[in-house]
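> heads up, no residue letters with this:
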């Protein structure tokens, strides 16, 4: 999970709970930050600690495009 590239990931607080979709270049570090309550205020407020999905991309533009697509699909 720490190899090169970028990850789009989905975290939640419980089954059928609040989703959070993000992009990172280090999935291990980012999920640890979420679990420690660090990072965005939104993730801290909803206690998003469960990684439920991730996808790997070679370049950041593709990862950001996928994140936007997922956010549009789930959150609009």
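Structure's in. What do you need? As the structure is a prediction and not an experimental result, all values here were calculated from the model.
> Just give me how far the longest helix seen in the chain sits from the chain centre.
Longest helix in the chain, counting residues (DSSP state H): helix 60-75. Relative to its chain's centre, helix 60-75 lies at 11 Å (Cα atoms, centre = their mean, to the nearest Å).
> Give me the contact list for it.
Contacts with helix 60-75, where a contact means Cβ atoms under 8 Å, 6 or more residues apart in numbering, come from 6, 7, 8, 10, 19, 21, 22, 23, 25, 55, 57. For every residue, glycine as well, the C-beta is placed using N, CA and C.
> export the residues you listed to TSV and tack on pLDDT, distance to residue 69 and neighbour count?
Formatted as TSV, these follow (pLDDT from 0 to 100; distance: Cβ to Cβ, whole Å; neighbours: other Cβ atoms under 10 Å):
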residue	pLDDT	distance to residue 69	neighbour count
6	97	15	21
7	97	15	23
8	97	9	24
10	94	12	18
19	91	14	17
21	94	10	18
22	94	14	23
23	96	12	17
25	96	19	13
55	97	11	14
57	97	12	17
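> Show me which of the residues you listed is closest to residue 46.
The shortest approach to residue 46 among the contacts of helix 60-75 belongs to residue 19, at 9.4 Å (Cβ to Cβ).
> tell me the phi and psi of that closest one?
phi -90, psi 150 (degrees, to the nearest 10).
> Now tell me what touches stretch 42-55 from outside.
Applying Cβ under 8 Å, 6+ apart, the set of residues contacting stretch 42-55 is 1, 7-14, 17-18, 20, 27, 31, 34-35, 37-38, 63, 66.
> Understood, closing this out.
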